[in-house]
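**Q** Sequence plus the predicted model coming up.
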Number of protein chains: 2
Amino acid sequence: MNAAFPPLSNDRFLRALKRQPVDQTPVWIMRQAGRYLPEYRATRARAGSFMDLCQAPELACEVTLQPLARFPLDAAILFSDILTIPDAMGLGLSFAEGEGPRLARPLRSRADIDALGVPDIASSLRYVTDAVTLIRRELHGQVPLIGFSGSPWTLACYMIEGSGSDHFARAKSLLWDDPQSAHQLLDLLARTVTAYLAAQIAAGAQAVMIFDTWGGALSVAHYREFSLRYLSQIAQSLPRGEGDARVPLIVFSKGCAHSLEQQADCGADGVGLDWTIDLASARARVGDRVALQGNVDPVVLYSSEAAVRAEGRRAVQAFGPHPGHVFNLGHGIHPGVAPERLGALIDSVHAESRALFSAQKGAS
Amino acid sequence: MNAAFPPLSNDRFLRALKRQPVDQTPVWIMRQAGRYLPEYRATRARAGSFMDLCQAPELACEVTLQPLARFPLDAAILFSDILTIPDAMGLGLSFAEGEGPRLARPLRSRADIDALGVPDIASSLRYVTDAVTLIRRELHGQVPLIGFSGSPWTLACYMIEGSGSDHFARAKSLLWDDPQSAHQLLDLLARTVTAYLAAQIAAGAQAVMIFDTWGGALSVAHYREFSLRYLSQIAQSLPRGEGDARVPLIVFSKGCAHSLEQQADCGADGVGLDWTIDLASARARVGDRVALQGNVDPVVLYSSEAAVRAEGRRAVQAFGPHPGHVFNLGHGIHPGVAPERLGALIDSVHAESRALFSAQKGAS
């Protein structure tokens, strides 16, 4: 199927994930298609609910492409939600206006967990794979397309709580009180995420990412046993092709820099970082084993253009002249940010890294 | 004044902070006087508002002593709020039912910051020092009394935002856009916290702790420049006495294990830990330089008694047979916890550590 897609003209992002040299550091931004863009808000208003937007491939494609029309981003990311899997499992996802996600039928017992199975991706998540194929076609090879999923642990958090939560007390209590049921659920989710990402790759995704938004709610020991273990399982079992055609995988456990070395060894090509780790020390800890993606605090985008540009330069210098850096924020871009600030940030990273890499070339 | 207080019969907590051997690991729990206790809820209902409870020394004393009547805790902590300082500075603190704190007059400009001064602790925070003296007297030397304050950065967060916040975008933007004003505010707050803790010590506090609840919202570089720097300033300037009478200081920056070594060198006697760091590796990183306090995930207290006891034993074994461990949770105890679970946790830590220390004595 991939043969039908146009050739890729900007492969910086994929090269960086493979730790190959690039002319400038690739940039993409978590939630780059989102509420900070007036054109997104206009499409969103037309779509109806947030889920209506996710489930209409044409609209998902439209918003995915919007930031690329404004900014020289080096990757596109599928517009979707991390909770499509629980929805496909029958838990009933909805988004109340101004609130977070709700699942109508959260898991409340061992019987609820026993009743779950890997959903039929081809039918229940067809709207996602259709969107991937459409976006890939509409990108015309401009930049690579990233597919994604929530991590098993993060999906389990929502499936057990039924919504976001301050402390995830129900979800975490299961780990202490009934670790066997927890592992049963997480293994099922890992197999589902694997099938889901494989379907996105088959549909045209050129890289895939797993968002472990709530890994940082766990103790170090629980993170490794109940979250990272299943990221590894997915990394080992996901068919990603060979050689140059191999589809890179990025894992991002927010708030889990305590286990950076273990993440680097899980089988992923890239590891996401939030801003609670210094980029230079992260690079020192993992060396060339994986690419690193992140890690600027998204709040800087509320500041002056000068502060924003300084932060972009700082990140490039902190990582240094090694291959393997994908610039990003350490969390999704905030809805209140002025789009021009993002433009300044991207420009500062591109310019600073071009200068750094040319100076290095000149010196060598 | 201290001469008037009865002698201390349980000094495990103070000995552990001085890295001296103890017969069993001392335990106290953040928010041990709190909503999980029915007797607290009864006093709270009688008091009126939360601030009425904080501002009536007899009632603050009553709730401070309640957990000690139930559990063999090794320290008491003043019942108060971290935002008494902004209130004393004229920002107008209140707590709406079921919500967090609100400041009626948040800082909105450089002029607002310029208008602030160190408040007169003796008058504006007399209700706190009166409570300290009363509690110390009513403790009859049973266990030491801990005084506390919010950290400069954490106070600044609330003073700028006017309330809690998901991202502290206003407070953090000031650090990028006007670092000079930020330092002016933080220096003022550091001098105020120093005077406030000194007044609590003069009134009878036998240890003091600084809660840096929002240090973890910052990048590593910003944490060190805008939070830790002012913890050091307080640690260096706070008069704490000499020799055996020296009053220990604990600093706790939640979510900042990235800078554990730097915290250990800030001049404090003890460093608080949340559960995103392994206790054994924390101890390996700081050695004998400081005592460590923490770090169990408070959510375990929603689990079975067996799970709770296992977690207490695990913490004792993770720290090992060295002096310098104060057992605590990594965050305040949650309101929904059954008090018996806390009893089981305390018992497991005491029993496991007694066994560990006796075995070690027998072996040496």
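**A** Received it, and whenever you're ready, just let me know what you need. Computed from a predicted model, the values in this text were never measured in an experiment.
**Q** right, and A:R289 touches A:D265 too?
**A** Yes. With contacts counted by CB atoms under 8 Å, A:R289 reaches A:D265, the gap being 7.1 Å. All C-beta spots, glycine's among them, are computed from the backbone N, C-alpha and C.
**Q** which bits of the stretch 251-364 of chain A sit near chain B?
**A** For the stretch 251-364 of chain A, the contact set with chain B under CB under 8 Å from any CB of the partner chain comprises A:255-258, A:275-278, A:297-300, A:302-304, A:307, A:311, A:334, A:336.
**Q** Keep only those of these that are in helices.
**A** The helices, defined by DSSP state H, take in A:307, A:311 from these.
**Q** which of the residues of the stretch 251-364 of chain A next to chain B are buried?
**A** With neighbours counted by 16 or more other CB atoms under 10 Å in any protein chain shown, those contain buried members at A:255-258, A:275-278, A:297-300, A:302-303, A:307, A:311, A:334.
**Q** The stretch 1-150 of chain A: helices as residue ranges?
**A** With DSSP state H, counting those that start in this stretch, the ranges of helices along the stretch 1-150 of chain A come out as A:12-17, A:38-47, A:50-55, A:57-70, A:84-88, A:110-114, A:121-124, A:126-138.
**Q** Which neighbouring elements make contact with the first one?
**A** Taking 3 or more CB pairs under 8 Å, 6 or more residues apart in numbering or on different chains; DSSP states H and E as the contact definition, the neighbouring helices and strands of helix A:12-17 are strand A:207-212, strand A:325-329.
**Q** and the longest one, is it in reach of chain B?
**A** Right, the one you point to is strand A:207-212. No. For strand A:207-212 and chain B, the contact criterion (CB under 8 Å from any CB) is not met; the two come no nearer than 13.7 Å.
**Q** What strands flank that strand, and is each parallel or antiparallel?
**A** Sheet neighbours of strand A:207-212, with direction, are listed as strand A:145-150 (parallel), strand A:249-253 (parallel) (DSSP bridges).
**Q** Quick check: what element follows the last one along the chain?
**A** The one in question is strand A:249-253. helix A:260-264 (DSSP states H and E).
**Q** and that following helix, average pLDDT?
**A** When pLDDT is averaged along helix A:260-264, the result is 98.
**Q** before we move on, what about stretch A:355-362?
**A** Across stretch A:355-362, the average pLDDT comes to 90.
**Q** how far out from the middle of the chain is that stretch?
**A** On the basis of CA atoms, centre = their mean, to the nearest Å, stretch A:355-362 is displaced by 30 Å from the centre of the chain it belongs to.
**Q** likewise stretch A:78-91?
**A** Here the centre of mass of C-alpha atoms in stretch A:78-91, compared against the chain's by CA atoms, centre = their mean, lies 14 Å away.
**Q** ok, and for it, which residues are buried?
**A** Neighbour counts using 16+ other CB under 10 Å place A:78-89, A:91 of stretch A:78-91 among the buried residues.
**Q** For the stretch 1-150 of chain A, give me the ranges with low pLDDT.
**A** Low-confidence segments of the stretch 1-150 of chain A, defined by pLDDT under 70: A:1-3.
**Q** Most proximal residue of it with respect to chain B?
**A** In the stretch 1-150 of chain A, the residue found nearest to chain B is A:G100; the distance is 11.0 Å by CB to the nearest CB.
**Q** What confidence value was assigned to the closest residue to that residue other than its chain neighbours?
**A** Beyond its immediate neighbours in the sequence, the residue positioned closest to A:G100 (CB to CB, 6 or more residues apart in numbering or on different chains) is A:G164, lying 4.3 Å away. Confidence per residue is given as pLDDT, and for A:G164 that number is 93.
**Q** And for the one 10 residues further on?
**A** What the model reports for A:L174 is a pLDDT of 97.
**Q** which residue is nearest the middle of chain A?
**A** A:M209 (4.5 Å; CA atoms, centre = their mean).
**Q** ok, now which ones touch it?
**A** Contacts of A:M209 were listed using CB atoms under 8 Å, 6 or more residues apart in numbering or on different chains, and they are A:77, A:146-149, A:249-252, A:272.
**Q** do A:R283 as well
**A** Contact criterion CB under 8 Å, 6+ apart gives A:292, A:318-320, A:322, A:325 as the residues in contact with A:R283.
**Q** In terms of helices and strands, where is it?
**A** Here A:R283, judged by DSSP H and E, is contained in helix A:279-286.
**Q** That helix: which residues count as buried?
**A** Counting neighbours by 16+ other CB under 10 Å, the buried set in helix A:279-286 is A:279, A:282-283, A:286.
**Q** which strand residues sit across from the closest residue to A:F319 other than its chain neighbours in the sheet?
**A** In space, A:F319 comes closest to A:H325 once its chain neighbours are excluded; the distance is 4.3 Å by CB to CB, 6+ apart. Applying DSSP bridges to A:H325 yields these beta-bridge partners: A:L292.
**Q** you'd agree A:H325 is up against A:A318?
**A** No. At 9.3 Å, A:H325 and A:A318 do not qualify as touching, with contact defined as CB under 8 Å.
**Q** Number of residues surrounding A:N10?
**A** Around A:N10 there are 16 other residues, counting by other CB atoms under 10 Å in any protein chain shown.
**Q** The closest residue to it other than its chain neighbours: what's it in contact with?
**A** If the residues on either side of it in the chain are set aside, A:N10 comes closest to A:V143, at 5.0 Å by CB to CB, 6+ apart. Contacts here follow CB under 8 Å, 6+ apart; on that basis A:V143 touches A:8, A:10, A:13, A:68, A:73-76.
**Q** cool, and A:D23?
**A** By CB under 8 Å, 6+ apart, the neighbours of A:D23 are A:12, A:354, A:357.
**Q** Give me the buried subset of those residues.
**A** A:12, A:357.
**Q** out of the contacts of A:D23, who's nearest A:K172?
**A** If you rank the contacts of A:D23 by distance to A:K172 using CB to CB, A:R12 comes first, at 39.4 Å.
**Q** what residues are up against that closest one?
**A** The contact partners of A:R12, by CB under 8 Å, 6+ apart, come to A:22-26, A:74.
**Q** 6 Å instead?
**A** A:R12 makes contact with A:22, A:26, A:74 under the criterion CB atoms under 6 Å, 6 or more residues apart in numbering or on different chains.
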